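*Asks:* sequence first, predicted coordinates after that:
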Amino acid sequence: MNQDTICALATANGVGAIGIIRVSGENSFKVVGKVFKGTNLSKATSHTVHYGFIMDGVETIDEVMVSVFHSPRTFTTENSVEISFHGSPHIAKKILEVLIKNGARMAKAGEFTMRAFLNGRIDLSQAEAIADIIASENEASRKLALNQLKGGISMEIKALRADLLNFTSLVELELDFAEEDVEFADRTALLMLLDRIEAKLKDLIESFTYGNAVKNGVEVAIIGKPNAGKSTLLNALLKEERAIVSDIAGTTRDTIEEVLHINGTAFRFIDTAGLRETTDTIEAIGVKKAKEKIASARILLYLYDELENTPEEIAQFVKEVYREDLKIILLHNKIDLTGDDSDIFDNSVKNLIGDSTDFEIIKLSAREKTGIDILKGSLDAYVNNLKSDEDNVVITSQRHHESLQKSLLSVKSVRESIEETQTTELLAYELRNALESLGEISGEFTNDEVLGNIFSKFCIGK
């Protein structure tokens, strides 16, 4: 158990009705007891609350309520104290100062959660889930983070590792009897296990597309010629005059980004400069940024109309930007001017693009706000289609995604070792690599640099 007693403000900075300071460490009761005038905290029953005052010598700092939690039934598994005070930033500062003066030190970023991890209270993926819950901005991301906190991915990985560990132990045993040329691990059964592990790893890896969309939002680039109605569309989606709308071509010089939540998922809409050749230096920079946003977006909304576009140039644009991970939605805009009863123009676009490219066409009028709900429904369907109905665990962490990919490569290397009848030593080596890769997710195999990077992203009081 760490001998240091740490303290930090657990509530947000600023004025509030109540603030909370957390204290954790073997000597928490002793340290807080030096400055608390009230119950003897060292003799207090666990999970009880006590009224009193925080003192700095003879000076009263504040009237408080102190909660006492005995090890190991605490978040960090250490003795812990929570001090509830009147929510003044000045009072918080004074209480922290007097605690430090009496033997505590300020906690580092994420140190409470790190202690919970190091003391076996939670694994690394659950620690990351705590940060995700704090950072969640919508219902979908909260639910995914909560499932991970409950140990969703940990249980999946633990089951895979347990099966693989059994075979690894048998292969390691073969090394002890190398001179007798015995085989304890059934290679056929091991191959069947590898099939199952590979399938599960692939499912988890594929779930990252959905998980990342829910956690970080979906980037949607709004593209088109000048005066195609891009800014009008953004305003219609947001139901506010966010972007300047003008009949003058080239009004949007830079990108404008806004977030809209649709059924719990955040969509980050990016209104870009109109695509055209220009000699205007500033506008040219905007056009360049627009092209960059196309490259990074997951969804592309391309606005066109029959008056300013031809089917040939629309088809050519789609073929130039198409990639498998990009959802392309062609928006036939200004139907209030051209009418929506003829499909001749759109059919020409479809025929020129062909069946090999995945896209859809939606007719709308950004100015009249018709077709907006259809567009929102298409965006929502895109996210829902990313998630398989069979997915119970969804990956949201880039670190987990990379570890799973690494694990998949390791498992494939094990398979190659068996199929090529390589030496038992090499097979054992590949199995250990696979186990280590899987263990990186839960923190069974990690290093100080990785831990430092993960917990540095936490707030000080967590």
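*Replies:* Structure's in. What do you need? Treat the numbers as computed from the prediction; the structure is a model and nothing was measured.
*Asks:* domains of the protein?
*Replies:* 5-122, 129-211+394-443, 217-365 (automatic domain parsing).
*Asks:* now the terminal residues of the longest one, how far apart.
*Replies:* Okay, so that is domain 217-365. 26 Å (CA to CA, to the nearest Å).
*Asks:* where do the helices of the stretch 1-150 of the chain begin and end?
*Replies:* 28-35, 89-101, 111-118, 124-135, 139-149 (DSSP state H, counting those that start in this stretch).
*Asks:* which of those has the lowest mean pLDDT?
*Replies:* Mean pLDDT is lowest for helix 139-149 among the helices of the stretch 1-150 of the chain, at a mean of 74.
*Asks:* so after that helix, what's the next helix or strand?
*Replies:* helix 152-176 (DSSP states H and E).
*Asks:* let's have the helices of the stretch 1-150 of the chain in TSV, adding distance to Arg22 and mean neighbour count.
*Replies:* Quick note: C-beta positions are derived from backbone N, CA and C, even for glycine. Formatted as TSV, the helices of the stretch 1-150 of the chain follow (distance: least, CB to CB, whole Å; neighbours: other CB atoms under 10 Å):
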stretch	distance to Arg22	mean neighbour count
helix 28-35	9	22
helix 89-101	11	17
helix 111-118	6	23
helix 124-135	14	21
helix 139-149	19	19
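*Asks:* which one of these lies closest to Val81?
*Replies:* Nearest of the helices of the stretch 1-150 of the chain to Val81, taken as CB to CB: helix 28-35 at 4.7 Å.
*Asks:* just the CA atoms of that closest one, as CSV, please.
*Replies:* The C-alpha trace of helix 28-35 is given here as CSV (Å, rounded to 0.1, in the frame of the first residue of the first chain):
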residue,chain,number,x,y,z
SER,A,28,-5.8,9.6,5.9
PHE,A,29,-7.7,9.5,9.2
LYS,A,30,-4.6,10.8,11.1
VAL,A,31,-3.9,13.6,8.6
VAL,A,32,-7.5,14.9,8.5
GLY,A,33,-7.9,14.3,12.2
LYS,A,34,-5.2,16.9,12.9
VAL,A,35,-7.3,19.6,11.3
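*Asks:* quick one, it and helix 89-101 angle?
*Replies:* With axes from the mean of the first three to the mean of the last three CA atoms, to 10 degrees defining the directions, helix 28-35 sits at 110 degrees from helix 89-101.
*Asks:* list the helices and strands helix 28-35 packs on?
*Replies:* Helix 28-35 sits against strand 48-56, strand 80-86, helix 89-101, with contacts defined as 3 or more CB pairs under 8 Å, 6 or more residues apart in numbering; DSSP states H and E.
*Asks:* partners of the lengthiest strand in the chain, with directions?
*Replies:* The longest strand of the chain (DSSP state E) is strand 59-69. Using DSSP bridges, strand 59-69 pairs in its sheet with strand 48-56 (antiparallel), strand 80-86 (antiparallel).
*Asks:* alpha carbons of the first one, in CSV - could you do that?
*Replies:* What it means is strand 48-56. Extracted in CSV, the C-alpha atoms of strand 48-56 (Å, rounded to 0.1, in the frame of the first residue of the first chain):
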residue,chain,number,x,y,z
THR,A,48,-20.2,7.3,8.3
VAL,A,49,-20.6,11.1,8.1
HIS,A,50,-19.5,13.4,10.9
TYR,A,51,-20.2,17.1,11.5
GLY,A,52,-17.5,19.5,12.6
PHE,A,53,-15.0,22.2,11.6
ILE,A,54,-11.7,22.4,9.6
MET,A,55,-9.2,24.3,11.7
ASP,A,56,-5.8,25.9,11.0
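*Asks:* picking that back up, distance to Ile460 added to the domains of the chain, as TSV?
*Replies:* Output for the domains of the chain, formatted as TSV (distance: least, CB to CB, whole Å):
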stretch	distance to Ile460
domain 5-122	5
domain 129-211+394-443	12
domain 217-365	26
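*Asks:* for this structure, what spans make up the strands?
*Replies:* Ranges of strands in the chain, per DSSP E, are 5-9, 18-24, 36-37, 48-56, 59-69, 80-86, 104-106, 218-224, 256-262, 265-271, 299-304, 327-332, 359-363.
*Asks:* what's the angle from the fifth one to strand 18-24?
*Replies:* For strand 59-69 and strand 18-24, the angle between their directions (the same axes, to 10 degrees) works out to 60 degrees.
*Asks:* which other residues reach stretch 376-383?
*Replies:* 210, 213-214, 218, 220, 237, 262-263, 265, 267, 299, 327, 329, 360, 362 (CB atoms under 8 Å, 6 or more residues apart in numbering).
*Asks:* name only those of these that count as buried.
*Replies:* The neighbour count (16 or more other CB atoms under 10 Å) marks 210, 213-214, 218, 220, 237, 262, 265, 267, 299, 327, 329, 362 as buried among the contacts of stretch 376-383.
*Asks:* neighbours of Glu402, how many?
*Replies:* Here the number of neighbours of Glu402 (other CB atoms under 10 Å) works out to 15.
*Asks:* for it, give its distance to Leu408.
*Replies:* Using CB to CB, to the nearest Å, one gets 11 Å for the distance from Glu402 to Leu408.
*Asks:* put together a markdown table for the strands paired with strand 59-69, with mean neighbour count, mean pLDDT and distance to Thr232 on each row.
*Replies:* Listed next are the strands paired with strand 59-69 as a markdown table, based on neighbours: other CB atoms under 10 Å; pLDDT from 0 to 100; distance: least, CB to CB, whole Å:
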| stretch | mean neighbour count | mean pLDDT | distance to Thr232 |
| --- | --- | --- | --- |
| strand 48-56 | 15 | 95 | 57 |
| strand 80-86 | 22 | 96 | 50 |
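*Asks:* of all these, which one is nearest Glu440?
*Replies:* The nearest among those, by CB to CB, is strand 80-86 at 29.2 Å.
*Asks:* quick one: the closest one to helix 111-118, angle?
*Replies:* Between strand 80-86 and helix 111-118, the angle formed by their directions is 160 degrees, by the same axes, to 10 degrees.
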